[in-house]
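# Return a 3D structure for these sequence lines:
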Amino acid sequence: MTVRRTVRPTLADLRDPTPRDDSASLHPRDPGGLGRHVVARFVGRLRRQHLLAVDVVGMLVAGYVALALRYEAFVGVDRILAFAPILLLLVTMRIIWNVRFGLYHRGLRFASVPDLEWILASGLIGTIVTMAIVYGVSAIPGGPSLAGFPRSFWPIEMLCSLAALGGVRFAIRAASDWKPRSTSISVAEDRRTLLYGAGRAGVLMAGSAHRRPEAGVGTVGFLDDDPVLAGSLVAGLPVFGGLESLEKAVAATRATSLLITMPSAPGVVIRRVVDAAMGQGLDVRTVPSMYDLLDGTLDAYRVRRVQVEDLLRRPTGTESTAEVCEIIQDRTVVITGAGGSIGAELARQVFAVGPRRLVLVDRAESALYLVQRELEARRERRTGRGELRAHLANVASRAAMDRLIASESPDVIFHAAAYKHVPMMEEHPSDAVHVNIGGTLALVEAAVANGVERFVLVSTDKAVRPSNVMGATKRVAEMLVADAARRAGKPYVSVRFGNVLGSTGSVVPIFQEQLEKGEPLTITHPEMTRYFMTIPEASRLILDAAALGTNGELFVLDMGDPIRIIDLARDLVRLAGRDPDTQTMRVIGLRPGEKLHEALFYESEKVERTSIPKILKTYAAPPPGTIRMDARALIAMAQVGMEEELRTALMDYVHQAGVPRSALDGGSNGHYDGDPAESTSMIAQ
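Purely as a prediction, here's the structure:
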C-alpha cells in the first residue's frame, strides 16, 4: 500500500509568491549552495521569542559594558548587585517599547534603515521613561538613594544597547544575503548585466540579484548620468559613468544585457537608453514603472522586457493627493466596467487608497471574477484595503441600476462601462445606444435619485466632432452627465481623453499578435495619428479630476502630442528585436467611422488649466433641457432595430445639440447664454 504524504504550505509560503528551487541551491556546481541553505534554514526558524531572548542578553551585556566604560575597569559583583534594580527596570522598559514599536514582528531577512529608526526611537523612549521613574522615585522622601550611580551611564548604555539590537538584526540580514563569490561569477557568465541607474531602485535590484542568483540577473556594474558617481562603487559594483561610457563598460565587463533601473524615468530617457543599448547588441530589460511598484516590492524576479508603454512614459506623481484620499478613503465607491482596462486599473488604484467598500460592476463574468481575485490578493498583501463586492449586472438595465445604487448607497460612482470599438459600433448602432447612452442614463438617474455625492463619466476624444456612432453616443453621455449635475447641484463630471496603450482590442495588442505570427502589420493610413496615454496614468488622472469636480465640468486630459500609428508600429518592431525597415507593413485604409486625426476639444471651446498640470477644463454649452427625453427617443429607436434611421438621427442630433453653440455660430468664447429649458426635442418631433 502506498502512503501519500500531503505537504501543506506554511503561512510564509502563502505570503511569499516568489518561486523557490531548493534543488538549485544545492547543485554540485554551486559550492556555496549548502552554506546558503543552512543559513536560510537557521534564519527561517528564528522566532519572536528567540529574538527577544537574544535582545535581553544583549541589553544586559550593554549595561555591564556601560558601567565598565564609565569606571574604566571591570565591574565587580557587589557593584552590579547594587545597580541591579536599575538595570532590570531599564531592560524591562526597553522590551516593552520594543514590543510596542513592533520590533518582533518584522522580517529579519529584510532589516533596513527604517528598522534602525524604530530601534533608535524605542531605545530613546525606553531610556527617558526609565530615567523619569528612577529619578522620580529617588526624589520621594525616604526613597532609595542614587549616591554613586553615574549619570553618564545612561547615554553610554543607550549607545551600547542600540549597537547590540541593531547589530543582531543586521547580522541576520548579512547572513541571509551571504553567498560565496564563485556562485556570483558562474551566474554572471550566463547573463552578465549592466544596471542603468545607480539610485535606490538600482541598489535594491543589485542586492536582490545577489541574493537570488536563480533569477538570472548577474550584475557586473552600473551606468549613471550623475558625474559624481563615476569611478565609485555602489552596492559593491563599479560605476562606469553615464550613457556615453556604455561601450567602455561593455568591453570591460563582457555584458550581454542592460537593465534599466529607473522606475520613474520619462519615456524620452528610456528611448535614449534603449537605442544606445541596442546599438551595442545588448538585450534590454527594465524594472516596472513607478505605477506598478506602488506595492513597494522590487526584486530580480520583476525584471521584464521594455514595452512600448515605457517609451511613452511621462513624469507624474505616484502618490494619491489629499483631495483624492478625501473622496475615496472610508467611503463607498462603485466602478462600472470594472472588468475592462480602465475600470480594472481604477479599481486597483481606488483599492490602494482604502475605501470603506469597493463595488465592482460588469456584465462580463470572467473579467469581473479576475479583477475581484486580484484585489483580494492585494488585500492579503496589505497593498489594498476595504470591503469588496462584485455585481454581475447590465448598466443599461434601469431596474438593475436602481436596485444596485439604492442597496449600496455609494458616495462616488466611476462610470467606465461602455462599448468602444468604432468599426463594431458602426455595424451595431442599437447596441451602442443601449449601452453608452442607455447605461449612462440609467446610472446617472439612479445616482440623482439616491443622492450620490460624486459621479464621474469616463469619456473619449471621439466625442469631439464625432464621425462615428461610438463617439456620438459618448457625446450624448457627456450631455446627460452635465444635465444631471445641473439638476442635482453636485460634482457630476466627465473626463475626456484619447487612446490608452494595451487595452483589449487596441492597436498595440493587435500589432504584437501580428508580429508573433509573422504576419504583416496592418496600418490604416501612413499619416494617421492618435493621442496615447498609459492605462495607469489615465486612471490616476481620472481620480484627480474626480476630486477637482464641483458641478458639471468637462475635464480633458493633456495627452501630449499625437503619435503617428506607423511610428508606434516601428517602435514595437524594434522592441521585438527586428529591423523596422525590413518589416512588412500593409496599408488597409480607413475603416468605417474612423478619422485620420482626433481632437480633444472643439476649437471654439474655452479651455483652462487646472491646479493639476495634466488636467484641462473646458467650458461646453449647457445641454438642452430635453436631453433626457431625446436620449429616451434614441433608445426607443434602438429597441425596434431601426439601425439606419437611428444612425442618421443620432449623428444629426449630436451635430446640432451636442456641438458648442459658438462652434455653430462661429463664436470664439465657448459660452452659451440661452436658456436650455427653451429647447424642444428634435428627435421627438
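# after the helix or strand where residue 638 lies, next one along is what?
Element membership for residue 638 (DSSP states H and E) is helix 627-639. Later in the chain than helix 627-639, the nearest helix or strand by DSSP H and E is helix 643-657.
# model confidence over that following helix, on average?
Per-residue pLDDT values over helix 643-657 give a mean of 91.
# Same question for stretch 168-180.
Stretch 168-180 shows a mean pLDDT of 68.
# And for stretch 591-602?
82.
# If you count neighbours, what's buried in that stretch?
Burial within stretch 591-602, assessed by neighbour count using 16 or more other Cβ atoms under 10 Å, is assigned to 593, 594, 595, 598, 600, 601, 602. For the C-beta atoms, the positions are set from N, CA and C on the backbone; glycine is no exception.
# Run through the neighbouring helices and strands of the helix holding residue 638.
Other elements packing on helix 627-639 under the criterion 3 or more Cβ pairs under 8 Å, 6 or more residues apart in numbering; DSSP states H and E are helix 429-432, helix 439-449, helix 469-488, helix 643-657.
# Please spell out which residues along it are buried.
627, 628, 630, 631, 632, 633, 634, 635, 637, 638.
# now do stretch 398-406
Neighbour counts over stretch 398-406 (16+ other Cβ under 10 Å) mark 400, 401, 402, 404, 405 as buried.
# same thing with stretch 241-255?
Across stretch 241-255, burial judged by 16+ other Cβ under 10 Å covers 241, 243, 245, 246, 249, 250, 253, 255.
# Let me know the secondary structure of the nearest residue to residue 538 once chain neighbours are set aside.
Leaving aside its sequence neighbours, residue 538 sits nearest to residue 500 (Cβ to Cβ, 6 or more residues apart in numbering; 5.3 Å). What DSSP: H, G, I helix; E, B strand; the rest coil gives for residue 500 is strand.
# Who are the contact partners of residue 500?
341, 342, 506, 532, 533, 534, 535, 538 (Cβ atoms under 8 Å, 6 or more residues apart in numbering).
# how about a cut-off of 10 Å?
The neighbourhood of residue 500, defined by Cβ atoms under 10 Å, 6 or more residues apart in numbering, consists of 309, 341-342, 345, 506, 508, 531-539, 559.
# Which of those residues fall in strands?
Judged by DSSP state E, the subset of the contacts of residue 500 located in strands is 532, 533, 534.
# And these, which is closest to residue 100?
Nearest to residue 100 among the ones in strands among the contacts of residue 500: residue 534, at 42.2 Å, using Cβ to Cβ.
# how many other residues sit next to that closest one?
Residues lying near residue 534 (other Cβ atoms under 10 Å) number 23.
# what's across from it in the sheet?
residue 501 (DSSP bridges).
# just checking, it touches residue 288?
No - with contact defined as Cβ atoms under 10 Å, residue 534 does not reach residue 288; the gap is 11.9 Å.
# joint contacts of these two?
The overlap between the contact sets of residue 534 and residue 288 (Cβ under 10 Å, 6+ apart) consists of 307, 310.
# Residue 427 - how many residues pack around it?
Each residue near residue 427 was counted by other Cβ under 10 Å, and the total is 13.
# The one 5 residues further on too?
Taking other Cβ under 10 Å as the neighbour definition, residue 432 ends up with a count of 30.
# gap between it and residue 633?
Distance of residue 432 to residue 633, given as Cβ to Cβ, to the nearest Å: 15 Å.
# which SSE is the residue in the chain sticking out farthest from the centre in?
Centroid-distance maximum for the chain: residue 142 at 63.0 Å, with Cα atoms, centre = their mean. Under DSSP H and E, no helix or strand contains residue 142.
# Turn the buried residues of helix 627-639 into CSV, columns for distance to residue 360.
Compiled in CSV, those are given as follows (distance: Cβ to Cβ, whole Å):
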residue, distance to residue 360
627, 29
628, 27
630, 31
631, 26
632, 28
633, 32
634, 28
635, 25
637, 32
638, 27
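# The nearest residue to residue 435 once chain neighbours are set aside in helix, strand or coil?
Distance criterion Cβ to Cβ, 6+ apart; nearest residue to residue 435, sequence neighbours excluded, is residue 419 at 4.9 Å. For residue 419, the assignment made with three-state DSSP gives coil.
# tell me the contacts of residue 419?
For residue 419, the residues meeting the contact criterion (Cβ under 10 Å, 6+ apart) are 425, 428, 431-436, 439, 469-470, 473-474.
# How many residues are close by residue 256?
19.
# What does residue 392 show for phi and psi?
Main-chain torsions, residue 392, degrees, to the nearest 10: phi -90, psi 100.
# Tell me how many other residues surround the residue nearest to it when sequence neighbours are not counted.
In space, and not counting its chain neighbours, residue 392 is closest to residue 365: 5.6 Å by Cβ to Cβ, 6+ apart. Counted with other Cβ under 10 Å, residues neighbouring residue 365 total 11.
# Check whether residue 365 really touches residue 371, as I assumed.
No - contact criterion Cβ under 10 Å: residue 365 and residue 371 do not qualify, at 11.3 Å.
# who touches both of the two?
Common neighbours of residue 365 and residue 371 (criterion: Cβ under 10 Å, 6+ apart): 339, 390.
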